[in-house]
Structure formats: C-alpha cells, structure tokens
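[1] Quick one, structure for this:
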Amino acid sequence: MEYLSLIPATALGYLTLKVTTHPTSRIRRKLPNVKKGRIQVFPVLRFKIFGRVIHIHHWISFSILLIMSFFITTGILDFMVTKGILLGGIIQGLRMPKEHRRIVYKDFSLERLTSVDNN
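    I've put the predicted structure just below:
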C-alpha cells in the first residue's frame, strides 16, 4: 500500500523541479547566486577547475540520494514520498535537452552560464 504514494510524489517532484530549475523559469531567475571564488553553491552547484566549469546537476545528486535511500533505513530518506520526489527530480532532469545536461563546460564564465537569452 505504501507504494501507491510513489506515483503522486513522483509527479510532485517532477512538476516542482520543472517550475524551479528550468533555465527560463521566473522562479529560478529570481533566486540569488551564492558563490565564493571558484565555487557556486546556489541555485546550482558549480566548480571552476583548470579553466573548466563542472556543473553538478540536481538529477545527479538526486540519483546519489535515491541510491543511498535503499541502504538507509532511518530518517527522511526512508519515506516512500521522499523517494518519489527524488525520482521525479531525476526524471525531470533527464528530460531536459542534451545541451542542458552537460557536466563540463569549456566556457568558464559563470555569468554567461546563468544568464537567460531573451531572443
């Protein structure tokens, strides 16, 4: 019976992340950029190393958390709703166009990567 909560939680995770993480989202554009030196931690996780930008996408970190949730039997990761939200975030991230799923960028300008083209 607990698995019935997986479908609505997956849909909730998918829709929430679609609205908040899409590059053209109004919500994402309003979020502040928190960065210190070569590391940006909010709203995305990016590291500038050797003239390249390494972008840790939410679907990568959600995949790691979902795998960990199968081994952790206590805490918030043990709930089926949490697993559904993580699964929805993974699905949403993998449905993005291929150019938005790149992990290593050659252009190391973080401002260029976070700006939205209005053309």
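[2] Quick one: end-to-end distance for stretch 99-106.
    End-to-end distance of stretch 99-106: 13 Å, with Cα to Cα, to the nearest Å as the criterion.
[3] Would you mark the buried spots in it?
    residue 105 (16 or more other Cβ atoms under 10 Å). In short, each C-beta sits where N, CA and C put it, glycine included.
[4] from the chain's centre, how far out does that stretch sit?
    From the chain centre to the centre of stretch 99-106 is a distance of 13 Å (Cα atoms, centre = their mean, to the nearest Å).
[5] ok, now stretch 20-30?
    Distance, centroid of stretch 20-30 to centroid of chain: 12 Å (Cα atoms, centre = their mean).
[6] now stretch 52-72
    9 Å.
[7] What of stretch 19-30?
    For stretch 19-30, the distance to the chain centre is 12 Å (Cα atoms, centre = their mean).
[8] Next, the buried residues of that stretch.
    Quick answer for stretch 19-30 (16+ other Cβ under 10 Å): 21, 25, 28.
[9] Over to stretch 53-71?
    53, 55, 57-59, 62-63, 65-66, 69.
[10] Output it as PDB - backbone C-alpha positions only.
    What follows is stretch 53-71, C-alpha atoms only, in PDB (Å, rounded to 0.1, in the frame of the first residue of the first chain):
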ATOM      1  CA  VAL A  53      33.200  24.600 -15.100                       C
ATOM      2  CA  ILE A  54      32.000  21.400 -13.600                       C
ATOM      3  CA  HIS A  55      28.200  21.500 -13.100                       C
ATOM      4  CA  ILE A  56      26.700  19.000 -10.600                       C
ATOM      5  CA  HIS A  57      23.100  18.800 -11.900                       C
ATOM      6  CA  HIS A  58      20.200  18.100  -9.500                       C
ATOM      7  CA  TRP A  59      19.500  14.800 -11.200                       C
ATOM      8  CA  ILE A  60      23.000  13.600 -10.400                       C
ATOM      9  CA  SER A  61      22.800  14.500  -6.700                       C
ATOM     10  CA  PHE A  62      19.200  13.100  -6.500                       C
ATOM     11  CA  SER A  63      20.400   9.800  -8.100                       C
ATOM     12  CA  ILE A  64      23.000   9.500  -5.400                       C
ATOM     13  CA  LEU A  65      20.500  10.300  -2.700                       C
ATOM     14  CA  LEU A  66      18.000   7.800  -4.100                       C
ATOM     15  CA  ILE A  67      20.600   5.000  -4.200                       C
ATOM     16  CA  MET A  68      21.600   5.900  -0.600                       C
ATOM     17  CA  SER A  69      17.900   5.700   0.400                       C
ATOM     18  CA  PHE A  70      17.800   2.000  -0.400                       C
ATOM     19  CA  PHE A  71      20.500   1.300   2.200                       C
END
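[11] No more questions from me, cheers.
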